[in-house]
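A.B. asks: take this sequence and fold it.
(chains A, B, C and D)
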Amino acid sequence: MIIGNTTLTLTEEQGMLMDVAREFCRDKSPVSAVREQLDTELGYDAGVWKEMIALGWTGIALPEHCGGSGLGVSALVPVFEAMGRALLGTPLLTTSLAAQLVMRAAGAAQESVLADIASGKIATLALTEDADWGREHFAVSLDKNGTLSGMKRFVPDAAVAELFVVPVQREGELVIALVGASQLPDGAIRPNTLIDETKRAANVDFTGVRVDENSLISGEQVANAINDTRLIGALLVAAEATGSAGACLDTIVEYLKTRKQFGKLIGSYQALKHPTVDILIDTDSSRSFIYHAATVVGDETLDRDGEIACRMAKAQATDTLLQAGDRAIQFHGGMGFTYECNAQLYLRRAQWSQQQFGDAQHHRTRLAKLLLG
Amino acid sequence: MIIGNTTLTLTEEQGMLMDVAREFCRDKSPVSAVREQLDTELGYDAGVWKEMIALGWTGIALPEHCGGSGLGVSALVPVFEAMGRALLGTPLLTTSLAAQLVMRAAGAAQESVLADIASGKIATLALTEDADWGREHFAVSLDKNGTLSGMKRFVPDAAVAELFVVPVQREGELVIALVGASQLPDGAIRPNTLIDETKRAANVDFTGVRVDENSLISGEQVANAINDTRLIGALLVAAEATGSAGACLDTIVEYLKTRKQFGKLIGSYQALKHPTVDILIDTDSSRSFIYHAATVVGDETLDRDGEIACRMAKAQATDTLLQAGDRAIQFHGGMGFTYECNAQLYLRRAQWSQQQFGDAQHHRTRLAKLLLG
Amino acid sequence: MSVSELELTEFRAEVSAWMHENNPKDPGFLLPQTFMEVGDERQLEFLREWQHKVWAAGYLGMAWPEAYGGRGADPAFQTIADQEMRRHAVPISFNIIGLGWAGPLINDIGTTEEKEKYLKRILTAEDVWCQGFSEPENGSDLGNAQTRAVRDGDEYVINGQKIWTTMGNFAQYMILLARTNPDTPRKYDGLSFFLSPMNIAGVETRPIRKLTGEYGFTETFFTDARIPANCLMGEEGQGWKIAMQTLQYERGAEAGAAGGQMMVRVTVEDMINELQGVSRDEAAVLEDPLLRDELVRAVMEEKSQILGVRRGAIPGLSSDYPGSLLLSGKLRMSESTRRMRQLAIKLQGAEGALYVGDEEARQGGFWQRAYLNSFSATIGGGTSQVQTNIVAEHVLGLPK
Amino acid sequence: MSVSELELTEFRAEVSAWMHENNPKDPGFLLPQTFMEVGDERQLEFLREWQHKVWAAGYLGMAWPEAYGGRGADPAFQTIADQEMRRHAVPISFNIIGLGWAGPLINDIGTTEEKEKYLKRILTAEDVWCQGFSEPENGSDLGNAQTRAVRDGDEYVINGQKIWTTMGNFAQYMILLARTNPDTPRKYDGLSFFLSPMNIAGVETRPIRKLTGEYGFTETFFTDARIPANCLMGEEGQGWKIAMQTLQYERGAEAGAAGGQMMVRVTVEDMINELQGVSRDEAAVLEDPLLRDELVRAVMEEKSQILGVRRGAIPGLSSDYPGSLLLSGKLRMSESTRRMRQLAIKLQGAEGALYVGDEEARQGGFWQRAYLNSFSATIGGGTSQVQTNIVAEHVLGLPK
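C.D. replies: Predicted coordinates:
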């Protein structure tokens, strides 16, 4: 059947995490706190990050024997939805993805790395090399002497990362290099200026860095692990975007209920009211897709259902947020045109989200292949 | 420049024809008259058709030495816009296209055929062979003995046509056969049931019909003539669709100004009002495109500007009418769901129009090639 | 009454086998996709026979009392039977107003006499029921109904006009919303609810020709039509409340409906299967990147609705705007159906301009007719525009 | 005054050569695309110098009287100069409120003293002008302006607040719409129009940070600001009429504007040229069928607007809904611009998430900033929603 798997469940653990995460994000990341971080170097409140580590969020999806909770990616979805709702940054996203890649590619062989991450070490996934997120081959390479050369771009939270998880090419073979921050030469990191001011990324030039055998992950599972990490990245960004879309919708609704023009509350004008319902409906679809994906994606290699679910989630959620952010500016009128208005935060997040792990059209093109052959 | 040619003029002759055609169509084809023809075999009023011949409309675009007015395709645009506005059928469309093909492929060599058409002989263009209007090769063939074999489908007004202009394959060469209605065996014509009940078409099986040399048009100009006739077909259907969209818009506006619900004129609800403005804007675009095409398309082989203009006109006009027709039903509410409501006439015309000479997407794909390489 | 999973599983297998076995062959004419499309006697007789057969097999009205033609079973059985009917794409159970509106209402609040008189004959399709709510001047504004019912001794005298009466020309009975008191301060309080016979003097129906060219609805005219006073359900003035009560039965057998299949679902998959072999620009239509993108969007719309139903059942996942999925369901479904069917016409190329009656029309013109009929859902039961207002006001709390 | 085609042709060649020769080099920082984006002194000084240079060369205010810094030439020359400025994509003539609103108004209805005092310094950019129409509580409802102007002897005392004052922090003068009479039955009749100095006591401006992160507008606060009574244009109560009159100058030099380039047009072609070499899914972005379709749509939108202007000038082709093209122009243009710029971000792939300030951002983040700025046109001067109402009511005659 073309519609495929349509299961959607919520485990007790997911439900509890959802409640905790929502409350935590509401308390720790009101919009005033978000704004305070917009022009800081870190981009987040180190104290809040410590609390997140203490809550065990860096280990949610990691195995219990590594100090994690063993709940899998599905438990990360409600957390990232809550974080997206509160526009709460922090390196949790990239750390989680770096950990997923190590776990999927190396498993027990890199248990100590996973244990470090579970207990709070900041890791980052240095995946992308150019503007084309559809590119699957890496130019950054490792020569036979174990020396890296080449630059990764858009590396999230590179400035604070203690560990870089770096897929590279070694003589035609895909391998993953684990690089410590201290191994990078001075000037290797050049911060990006992102349209989403709640996020941080940088170019990282790995040229000249030496990687010893213990810090290399190789083997035939590497390619699958990278593919799956891309899909999980798409899913987690979708979860975050869904949360942001929900908050953006709330922001619109609040304004429509309080602002008057021509003597009437503007929410009574169908020209604003009906597109707002469209955003609600799209946000509902996004939520359904991310929790469906959370239901079907586990620790094992993603199957067809899992791939479809992640791609649909990303396609839906980022398109939803793009539309919500765009309309949020418009519906706030002159106010929406100001930096002070929160609408711009969502619009900027939308632009960022669409460009992570492929935009909606990219995923629909892959879905066409999966669904229609 | 990618925008290309942007000329748009109206000649005095075009302007006069526009006035005459609008008035004629308004007088002769009120919606009551249109409805009277919906389930007749002919699909049009033979008396009105005679008057159109008398007005010289069958010769507008034909050379003066054939008894035409020599005004070219550009003068047909206002006529078809007016006919589309009034949903006035008649074989003028297919007769005009058949004449264009003969004129462009044979010129003076078939002067008597053109003269016959100018003076009122009904001709039809038997072009399409299957559902794929993007197909450029013909399966209907002429063998070396001059015998045709194969069937053309969707042949407009086949039941009344006196002359069939039939592009066919003769041993790898494109040629055009001119077939008289009397040459067709009994049962060769099987009428179609069309979604647009103001239109008529049929399958026509030409198998066994013999064509003598005088009734054959061959030569290297044939391929260009066929291509150009497809483009002109797209343009004239676009002109007709633009007129229909305009009338459909009027129908919507009229209802929105008179129907009340919940104590208010429904036109005051932005949920209806704003999409109606969108239709106005799209109809404005359609009109601009068809008159631009009318400005740049002449009797000579179409150049790049002409091709772009025809394709844009068709892409815009049929999408516009599809949307207008669809919204017309919806905005008429329960009334719109009835056969009695005129909204359905436009919706059905829209479905027919989109499938003539390629739909909007087909033309945009070709435009991409022209504009972007 | 407790039902074991095993019983249900066995029952599902049984009903599935029966449906597989008894699903009628293509009768050679297009069957209605919904109960609003029963346009002629031929379709009516076919569907009457089918419904009777399903009932006789024991798969309709399962949760209704045995005394009135039911089986007194747990509603879970009927839900399963309904699912299997849908899965096997059998013809619709056309007598929907009886099975899903009037019947459950009578079951809930009717007298014993009413139950005896009406219920079984609804299940067997001996009595066709229709609905008289809408009026010409009050399309989306039911509460404003003006048809008058005046008490005169043992009778009510009905005058007025109803529109969009489904199968009005075939029906024996109508559930009728009429005004017994024109002077109440709130317009709703003047309405009463009747089980009104159709085959009496003073009731005339005029079939409405739909935009498809077919029939399925009537206008219904009441001219001094006299009905027994005991046709009144409940008390005078309770009409609006009772009419709203009928809506709850839409939630299926668990809520009291007799079951059966109200409409044949048309899925994107059906469309895609039909497109195998269609060509466009000299290539397979299913290979066209732009159309593939449109098809993926259509699949996603359909999938998100199914997932939405699942998610809506999990309270923790529906906390943002509770009621959102439920209240927007009709809007989402009807609009996405309309878009999908238009797409299905577009994809056919030149054959998309053919219509029902042309022997070369793809699937007999099914998609063309289905697109035209799709407006019954975007207009009927509250237009999409009105539905959007409802969602805006009741879910988002936006001002009227 | 009659001008020969030859003169015009020669002039076009001359101005074209000059623009080609004098078009400034990239200054190393993003220049404003419109006069609403002048965010810092650096940009201001650059543009001031450029405008002065264009004026000194004789290509600005050509149709204005020689006595006031113009050249007394036929407006056709200015129109040609404007076309060539656009064609050569030179920087904007930033002092738009002076050149296109205040200046032509003073030329039309000002006193000789006013002309002498103001006009030349507008052309030379010595005086920057701003506009004080909008107020915080009346975004799209200009007629409801509440800023008060009370006559006190030879002065008016101004109190109130304006918002969206373009370059309010740089301007020497403001065209100010203020209420001299709060008690008129029609709110419009209480408004008056002033040429008001900015550098006086009681006038404070606070720069508004735009969603782009940059500046360009201010809020303007009047607290017992005293301006000479002769700052009043026309009579008290004519403010609305005069404000509406300023709008006519938008139609260019023929209508009285000084000319110059109000905004740098950003065309689909600019976007397409920029996309050469961008890859997506390991292929050229310009080869992607879906993106090609979007680009064709964007080209068609742009082309239909240009064709619309041509068609609008032919009465016989604008008879259906006269005024349609004119009244919907801003709506069509601003909405299609917004869509196109969002597309330009999308097409960049991961680089679309970079922003102004990143050295690797494509064209310095031009498209990202341009998209964010595009809302100034969909919101300012009447939101698209209000514009749509205007078209609906004034063109289609739909009820309010």
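
A.B. asks: tell me the centre residue of chain C?
C.D. replies: In chain C, the C-alpha nearest the mean C-alpha coordinate belongs to residue C:262, at 5.2 Å (Cα atoms, centre = their mean).

A.B. asks: nope, chain A is what I meant
C.D. replies: residue A:237 (3.4 Å).

A.B. asks: for residue C:269, give me phi and psi.
C.D. replies: Here is the backbone geometry of residue C:269 (degrees, to the nearest 10): phi -60, psi -40.

A.B. asks: swap in residue A:137?
C.D. replies: According to degrees, to the nearest 10, residue A:137 has phi -110, psi 150.

A.B. asks: just checking, it touches residue A:169?
C.D. replies: Yes - assessed by Cβ atoms under 8 Å, residue A:137 is found in contact with residue A:169 at 7.3 Å. For every residue, glycine as well, the C-beta is placed using N, CA and C.

A.B. asks: thinking again about what came up before, tell me how far the residue nearest to the centre of chain A lies from chain D.
C.D. replies: 11 Å (Cβ to the nearest Cβ, to the nearest Å).

A.B. asks: list the contacts of that residue.
C.D. replies: Shown in contact with residue A:237 (Cβ atoms under 8 Å, 6 or more residues apart in numbering or on different chains): A:93, A:314, A:317-318, A:353, A:356-357.

A.B. asks: more neighbours, residue A:137 and residue A:169?
C.D. replies: Using other Cβ atoms under 10 Å in any protein chain shown, the more surrounded residue of residue A:137 and residue A:169 is residue A:169, with 15 against 8.

A.B. asks: and the residue in chain A sticking out farthest from the centre, how far is that from residue D:330?
C.D. replies: For chain A, the residue at maximal distance from the C-alpha centroid (Cα atoms, centre = their mean) is residue A:263, at 42.7 Å. From residue A:263 across to residue D:330, the span is 24 Å (Cβ to Cβ, to the nearest Å).

A.B. asks: where do the helices of the chain begin and end?
C.D. replies: Let's take chain A. Assigned helices in chain A, in chain order: A:12-28, A:31-36, A:46-54, A:73-85, A:92-106, A:111-118, A:221-258, A:270-296, A:304-331, A:333-336, A:343-354, A:360-372 (criterion: DSSP state H).

A.B. asks: chain C, not that one
C.D. replies: C:5-22, C:41-57, C:75-87, C:96, C:103-109, C:112-123, C:239-248, C:268-275, C:289-312, C:324-346, C:366-379, C:384-390.

A.B. asks: hey, which of those is tucked in deepest?
C.D. replies: Stretch with highest mean neighbour count among the helices of chain C: helix C:96 (a mean of 26; mean count of other Cβ atoms under 10 Å in any protein chain shown).

A.B. asks: show me the contact partners of it.
C.D. replies: C:35, C:166, C:260, C:262.

A.B. asks: among those residues, which ones are in strands?
C.D. replies: Counting by DSSP state E, the part of these found in strands is residue C:166.

A.B. asks: which of the contacts of helix C:96 are buried?
C.D. replies: Neighbour-count burial (16 or more other Cβ atoms under 10 Å in any protein chain shown) applied to the contacts of helix C:96 gives C:35, C:166, C:260, C:262.

A.B. asks: for residue A:193, state which of these is nearest.
C.D. replies: Comparing the buried ones among the contacts of helix C:96 against residue A:193 with Cβ to Cβ picks out residue C:262 as the nearest, at 56.7 Å.

A.B. asks: per-residue confidence for the closest residue to that closest one other than its chain neighbours?
C.D. replies: What sits nearest to residue C:262 in space, not counting adjacent residues and going by Cβ to Cβ, 6 or more residues apart in numbering or on different chains, is residue C:96, at 5.3 Å. For residue C:96, the model assigns a pLDDT of 94.

A.B. asks: how near is residue C:96 to residue C:64?
C.D. replies: Separation of residue C:96 from residue C:64 (Cβ to Cβ): 15 Å.

A.B. asks: could you chop chain C up by domain?
C.D. replies: Chain C breaks down into these domains under automatic domain parsing: C:5-126, C:130-250, C:268-394.

A.B. asks: tell me which of the ones you listed lies nearest to residue A:214.
C.D. replies: Nearest to residue A:214, of the domains of chain C and by Cβ to Cβ, is domain C:268-394 at 43.2 Å.

A.B. asks: average pLDDT for that closest one?
C.D. replies: Rounded mean pLDDT across domain C:268-394 is 94.

A.B. asks: equivalent analysis for stretch A:202-218, please.
C.D. replies: For stretch A:202-218, the mean per-residue pLDDT is 97.

A.B. asks: and that stretch, which residues are buried?
C.D. replies: A:202-206, A:209, A:211, A:215-218.

A.B. asks: what do you get for stretch C:179-194?
C.D. replies: C:179-180, C:188-194.

A.B. asks: lowest-confidence one in these?
C.D. replies: Comparing these by pLDDT, residue C:188 comes last, at 90.

A.B. asks: what's the closest non-adjacent residue to residue A:96?
C.D. replies: Using Cβ to Cβ, 6+ apart, the closest residue to residue A:96 is residue A:76 (6.0 Å).

A.B. asks: anything in the helix or strand of chain A with the lowest mean pLDDT near chain D?
C.D. replies: Lowest by mean pLDDT, DSSP states H and E among the helices and strands of chain A is strand A:260-261, with a mean of 89. Yes - against chain D, strand A:260-261 shows contacts by Cβ under 8 Å from any Cβ of the partner chain at residue A:261.
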